[in-house]
Structures are given as structure tokens and as C-alpha cells.
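1. okay, here's the prediction I keep looking at, along with the sequence it came from:
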Amino acid sequence: MNQHVLFRISVLLILLILVAGCRKTPKGTTKIPGNEGVIVGGADPAGLLDTPLPGASGGPGGAGGAGGPGGGLILDPDGALGSGGMGNLTDGGNFGQFGEGESVLPPRGAMAGMTPDRETLARYTVHFGFDRSGIVSQEMAKVEAVADYLMADDGLYVKIEGHCDERGTDEYNRALGERRALSLRELLVQMGVSSDRITTESWGEDRPAVEGMNSNAYAMNRRGEFILLRP
Amino acid sequence: MTVKHILVVCLSLGGSVFFSGIDGLGQSEIDLERTLLTGSDPVPIELKGYSPTIRKVLTFDLEVMGWEVVPSGQGKFALVGGGGAQLNARLIDRLGSKERVLFNWTGPSPTATRREAHFLANTVVEKVFGQQGIALTRIAYKHADSNGIPEIYIADFDGFQATPITRDRSNVAAPAWMPKELKVFYTSYKMGGPDIFSHDLRSGKRDVVSQYSGLNTSVALSPDGRRMAMILSKGGSPDLYVADADGKNLKRLTRSREEEACPTWAPDGKSICFTSASGGGARLYLVDPVSGDIRRLRISGVSGVQSEADWSPDGKWIAFTAMLGSQFRICVVPATGGQAVVLSQGEDPSWAPNSRNLVFMRKRNGLKSLSILDVLTCRTKDITRISGRSSQPAWSR
């Protein structure tokens, strides 16, 4: 953990130097990346994690409510998947336990009316491997830069758009695009950005960055884009 | 694992075609599983005395449903019209040594309509094969015209009468029919993100039935129309949920970190087949929506990622898309698991109510368009295209 923090600080310092010329002066305070793991539904079996993140469901017919009967899945951006799931899984899949669960995302419309800025963070678009939603180490500096940018101004919000190449089926890609956006969101939260400032939206393969049926085009299209939202 | 499928007339063995007759002269059972592996020959039929337009309708309908329209003198059956404006039909059976007239029929309109021609094709199929005709069914699908913005469309099953039912000018996806009703559910990004709408096609009334934070998509209505399965990400990951068809009584069925997608209901409503990447690559799983018990659907014969399952209305088969190499293929596997059969290039199969035809999407030169597959003869026909890109078809049933 100490190594991780040291690494992060050094990366942040480098990025501060790199981006200092093109943004506002950071405020004096920087949140220390805390243990902001996201608990998905259910109770916290081990009592080791923070309370579930804010964000009520915006859905009709009510939502939220008590989570599943204990257990739950800890989303860990480092990939050390902690699963409280027991019981229902057989045979290869890891599905955790039955239960409705609560929303851990900001409600739909929480950032409605804000002015989108697709340019400022465009250089930090993160690219993914084929059928993958993990962030490779070469792309990590971009996420750090986005976290840095957001933490410098508490008044800014961000929408992460997840996209896929066309070598997947439509609805599978819509889910994969969301998984990519959520993976980026988890990283930003872990780096200290408040979770209620980050929303996600998957476009699947519907909005390719570039047209073309070759590996270069596919690589460009597997991406997560950061859209700055200004109230 | 033996799946018997009643087919009244044709039984294909080693390339030769036998006809067992009709009207109580005996029915042959055909083993669909074997037919899937070996293919079945279409039955030759002649068409005489029809205008070019009506002839086209009859040809498309009959050839989709197991017939092949052949030149005069080569048919085992003949459908003969009167040559006038009104639609007339006499179906002749030439299987025996002597011709037999199976029916005479005259359409109600002074001038023949497409709808009457569809009805006639259905009648031929029902009379000879004893199977439900599908020529009067509809499909819903996603279509982007030349401006590139997709909307949800409804069309006759052959692609005619295509009509947009949305004008959301944002993005739409994954239409699904409410069983036995003129009602379609789909995803629209109109309200600032992917939400699920229900849309009554009679009244035009729309309701948002799922608008949670994050992703709301891939809706599938239960066979009794009371519940819906869908993919939501409000819990931090794209997971499978079920709710009442109006969105109430939400239940979460999976909680994996990796994504779930593409649910489809068994016709008895007791099982949902879905895609999950939780075991590595995307594979098909079955979940009991009440107990939440999950198991893998065992599929042999195809490797690679699997998604877009669609459960046949008779409950026996699951069609799905497999990626083999870099190509997408339409496959069918028994709903109990087992050997999968590769049927065609393409994606996103949706069963017709007869559990025999599939509508699916294929890409040609990068352009998405829709085709219909007859699982028994393994033949495909393109539906009538309107300019643009069509995908995500759903057959009304």
C-alpha cells in the first residue's frame, strides 16, 4: 500500500508539471485517497469497508431497499476481486448472491443541465484491450491526470462514456462499454474523486471514434472518454 | 435429448424427398436434431396466374417457410390463381398418381392485397405442413436511415410497411415485444442516458419503466407478460435484474464484477438464459428467477464467445450468436444443453412464433441488414431493405 501511495504521489507530481500550463492553479487541499471501496448492495460482511456511496436510485416504482441477505461484491480496481458471493454460483461463473441491491451511482439526471465539455479531457481518452475492461498500466497516467484535474476544482463533474469496437454483439457491447466506464469510475474514486461527481454512459459499438474494419480502428474504438461537466 | 419435431409432409433422407401425404393419410415425424445436422430439402411448388406483385409476396413467404417456387411442370404442388384483380387460389397436390385439389379460396377484396397474399401463404403452409404460418407477423428493429440516427421501427415480417415508432433523435436499442400484444419495450437515450421504455402501439402511449442510474437495457418480457428481465448497472456493475413489467418489484439476480447481457425467458417463465463474462469470456448461463440459482448452459461444438440467446417459443431450442474466429455465426443448441449447430453467418437471432424461422442481422460491406433463416432447410432470404442500417430484430410472438 505504501509503495502504491508513493507511486501515486510521484505520478501526480510528474503530471502536475506536465499539465500545469493548461489548467487552473490547484487548490491547496488534496484529498488523500481513502479506502473508498464500493459495496454493492447487501451488508458488509467483514465490517472492513466504508458505507455504501451516496446516490439514490432514480428509477420508477421505488428502488433501493434492503440489500441481499448479506454478502456482496467488493469492487476493487486493482483486480483483487473480493467476493462475498456464496451459494448460487456453480460452474465457472461468479455471480454472488441473490438480492436487489442499492444504487451506488449518482441518480439519473443529477448532472442534467450541466454544460458538457468534450475537449478539455479528450487527450486522456483511455483505450482497452479486446473484450477487456481492465485498465492497462500504460493508460493509468491518463486516469491519474483526470483525477488530478477534477480534484483541483470541486465544482467540476465528469461523465465517462464507455465504447467498444464492432467485434462484439450489440447488447453485449453495451454492457461491456458500461463495465469499462465503471472501471474508470472506480479508479477515479480510489484516487480520491468524490463518487457523486462521476456518472457513466455506455454507447456500446454505436459511436465508433473512427470508421474502419481493421485492428487500428478497433483499437481506437475500444475506449473510455471523459466529458467534463460544468454546472 | 431426442427432440422430435412434427413435420407433416417432408422428410429428407440422403437427398431424396418423400411425401407422406396429408388429410389423415399419415404424418411423418422428423427429427429436428438430425435435420439441423443434415439439412432438409424445400418442397417444390408452382405458382400460376398471379400478378408480379402478388407472386413476389407468395414466393417470399413460401420460400421462407420450407417451399421452393419452381418452373411449371416441376412442382409437387401447384398454387393456381385466377389471373384477375381479385385474389383466387386453388392448391393442387401432385404427389400421388392423380392430382388432388386441397382447397379453393377467393380473397374478400375486389383487388388483391399484400395482406391477403400473406394469408394465402399461411394457409398453404398450415394445410400441407400442419404448421403455424408466420406471414402475418411483424418485427421490431433498430434502424438508422441516411442521417445516421437510429430509431425503433416496426415492419411486416418481410420488411414491408416499415414505420418508425420513435423520433427520439438520440440513440435507441434492443426492442422486445410484449407477448401477444401490440406493445414494444426498448432502450432509448432520450432522457439523458439509456433507459427502458414501454410503448403501446395502439395508443402511442409511452412509459419509462426503468430509469436507474447507469445502464438500463436489454429488456426481455416474460412469456406471461407480467415480468421483465433487463441489464442494470446501478449496483456498480452491469448485472441481470427482473421486475414487474411496469418496473416495480425489482430483484437483482447476479452480482458479478464482469458484465451480464442479453436475457431471454424460457416459455414456461421458470428460467432465464443470459450472457455473462464472469467466467472469463462471454458464455451462456441459466438462472431461476425465483431462487436465483445459476448454472452454465453446456454447449459443445462451438468455442469462442457466446451471446444474444433467444429461447424458441416451443421451449426446445436456444438460438445464439457465437464468435468463431473473427466471424459471427448464428447457432442453435438444445435448451437442455448439448451439441450446437452452426446455421449461418450473422448476429442477433430472434425466433418466429413457429419455432422454425429466425430473423437475424448480417453485415455486408460493414452495413447491417436483416435476413430470415429457415432452420429446417438452412436457407436464408433478405427482408426488403430500406436504405440505412438495420439491426437488433425482434419477432412478435
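-> Received the coordinates, thanks.
2. enumerate the residues of the stretch 251-397 of chain B near chain A.
-> B:251-262, B:275-283, B:285, B:291-296, B:305, B:307-308, B:321, B:323, B:326, B:328, B:347-348, B:366, B:391-392 (CB under 8 Å from any CB of the partner chain). Backbone N, C-alpha and C define where each C-beta goes, glycine included.
3. just the buried subset of the residues you listed, please.
-> Taking 16 or more other CB atoms under 10 Å in any protein chain shown as the criterion, what is buried in those is B:251-262, B:275-279, B:282-283, B:285, B:292-296, B:305, B:307-308, B:321, B:323, B:328, B:347-348, B:391-392.
4. can I get the CA coordinates of the lengthiest helix in chain A in PDB?
-> Ranked by number of residues, the top helix in chain A under DSSP state H is helix A:170-190. Output in PDB follows, covering the C-alpha atoms of helix A:170-190 (Å, rounded to 0.1, in the frame of the first residue of the first chain):
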ATOM      1  CA  ASP A 170     -24.600  -5.100 -29.900                       C
ATOM      2  CA  GLU A 171     -26.100  -5.600 -26.400                       C
ATOM      3  CA  TYR A 172     -23.000  -7.400 -25.100                       C
ATOM      4  CA  ASN A 173     -21.000  -4.400 -26.100                       C
ATOM      5  CA  ARG A 174     -23.500  -2.100 -24.400                       C
ATOM      6  CA  ALA A 175     -22.800  -3.900 -21.200                       C
ATOM      7  CA  LEU A 176     -19.000  -4.100 -21.800                       C
ATOM      8  CA  GLY A 177     -18.900  -0.300 -22.500                       C
ATOM      9  CA  GLU A 178     -20.600   0.300 -19.200                       C
ATOM     10  CA  ARG A 179     -18.200  -2.100 -17.500                       C
ATOM     11  CA  ARG A 180     -15.300  -0.100 -18.900                       C
ATOM     12  CA  ALA A 181     -16.800   3.300 -17.800                       C
ATOM     13  CA  LEU A 182     -17.400   1.900 -14.300                       C
ATOM     14  CA  SER A 183     -13.800   0.500 -14.100                       C
ATOM     15  CA  LEU A 184     -12.600   4.000 -14.800                       C
ATOM     16  CA  ARG A 185     -15.000   5.500 -12.300                       C
ATOM     17  CA  GLU A 186     -13.800   3.100  -9.600                       C
ATOM     18  CA  LEU A 187     -10.200   4.200 -10.300                       C
ATOM     19  CA  LEU A 188     -11.100   7.900 -10.000                       C
ATOM     20  CA  VAL A 189     -12.900   7.200  -6.800                       C
ATOM     21  CA  GLN A 190     -10.000   5.300  -5.400                       C
END
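5. mean confidence score for that helix?
-> Confidence for helix A:170-190, expressed as mean pLDDT, is 98.
6. so where do the strands sit in the stretch 101-250 of chain B?
-> With strands called from DSSP state E, counting those that start in this stretch, the stretch 101-250 of chain B shows them at B:138-144, B:150-156, B:163-164, B:172-177, B:183-188, B:195-200, B:206-210, B:216-221, B:227-232, B:239-244.
7. run through who's touching the last one.
-> Contacts of strand B:239-244 from elsewhere in the structure, counted by CB atoms under 8 Å, 6 or more residues apart in numbering or on different chains, are A:61, A:100-101, B:209-210, B:226-233, B:249-256, B:260, B:263, B:272, B:274, B:276, B:287, B:289.
8. what about B:Arg202, how many residues close to it?
-> Using other CB atoms under 10 Å in any protein chain shown, B:Arg202 has 8 other residues around it.
9. so what's it up against?
-> B:Arg202 makes contact with B:Leu182 under the criterion CB under 8 Å, 6+ apart.
10. try it again with 10 Å
-> B:Glu181, B:Leu182, B:Lys183 (CB atoms under 10 Å, 6 or more residues apart in numbering or on different chains).
11. any idea which of these has the most stuff around it?
-> B:Lys183 (20 neighbours).
12. that one and B:Leu324, how far apart?
-> For B:Lys183, the distance to B:Leu324 (CB to CB, to the nearest Å) stands at 36 Å.
13. B:Asp200 now?
-> Shown here: B:Asp200 relative to B:Leu324, a distance of 40 Å by CB to CB.
14. ok, now B:Phe157?
-> From B:Phe157 across to B:Leu324, the span is 28 Å (CB to CB).
15. who has more neighbours out of these two?
-> B:Phe157 (24 against 14).
16. could you work out the end-to-end span of stretch B:334-347 for me?
-> The first and last residues of stretch B:334-347 sit 18 Å apart, counting by CA to CA, to the nearest Å.
17. helix/strand/coil for the closest residue to B:Pro110 other than its chain neighbours?
-> Nearest non-adjacent residue to B:Pro110, counting by CB to CB, 6 or more residues apart in numbering or on different chains: B:Gln86, 5.9 Å away. With DSSP: H, G, I helix; E, B strand; the rest coil as the basis, B:Gln86 sits in coil.
18. ok, B:Asp310 next?
-> Per three-state DSSP, B:Asp310 ends up strand.
19. need the contact list for it.
-> B:220, B:262, B:264-265, B:273, B:317-321, B:330, B:332, B:348-351, B:358-360, B:394-395 are the contacts of B:Asp310 under CB under 10 Å, 6+ apart.
20. among those residues, which lie within strands?
-> Using DSSP state E, the subset of these located in strands is B:220, B:262, B:264-265, B:273, B:317-321, B:330, B:332, B:348-351, B:358-360, B:394-395.
21. give me the number of residues near B:Gly269?
-> Neighbour tally, B:Gly269, other CB under 10 Å: 15.
22. if you could redo that for B:Asp239, that was the one I meant.
-> By the other CB under 10 Å criterion, the neighbourhood of B:Asp239 contains 31 residues.
23. specify the beta-bridge partners of it.
-> Beta bridges link B:Asp239 to B:Leu232, judged by DSSP bridges.
24. what score does residue 196 have for pLDDT?
-> Using chain A. 94.
25. my bad, chain B
-> 98.
26. surely it meets B:Val208?
-> Yes: using CB atoms under 10 Å, B:Ile196 makes contact with B:Val208 at a distance of 7.2 Å.
27. who in the stretch 1-150 of chain B is up against chain A?
-> Neighbours of chain A within the stretch 1-150 of chain B, by CB under 10 Å from any CB of the partner chain: B:Lys142, B:Ala144, B:Pro150.
28. hang on, isn't the second one packed against B:Ala173?
-> No: the criterion here is CB under 10 Å, and B:Ala144 misses it with B:Ala173 at 11.4 Å.
29. between these two, which has more neighbouring residues?
-> B:Ala173 (24 against 18).
30. for the spatially closest residue to that one that is not a sequence neighbour, give its distance to B:Leu87.
-> The spatial neighbour of B:Ala173 that comes closest, neighbours along the chain excluded (CB to CB, 6+ apart), is B:Thr187 at 4.1 Å. Per CB to CB, B:Thr187 is found 40 Å from B:Leu87.
31. those two - which one has more neighbours?
-> Neighbour count, other CB under 10 Å: between B:Thr187 and B:Leu87, B:Thr187 has more, with 29 against 24.
32. residue contacts, B:Phe103?
-> B:Ala89, B:Arg90, B:Leu91, B:Ile92, B:Leu120, B:Thr123, B:Val124, B:Lys127.
33. determine the set of other helices and strands touching whatever helix or strand the fourth one lives in.
-> B:Ile92 is part of strand B:88-93 when elements are defined by DSSP states H and E. Using 3 or more CB pairs under 10 Å, 6 or more residues apart in numbering or on different chains; DSSP states H and E as the contact definition, the elements that strand B:88-93 packs against are strand B:43-48, strand B:77-80, strand B:100-106, helix B:114-129.
34. name the residues of the shortest one that are buried.
-> Read that as strand B:77-80. By 16+ other CB under 10 Å, the buried positions in strand B:77-80 come out as B:Phe77, B:Ala78, B:Leu79, B:Val80.
35. and the longest one, by the same measure?
-> Using 16+ other CB under 10 Å as the test for burial, helix B:114-129 gives B:114, B:116-125, B:127-129.
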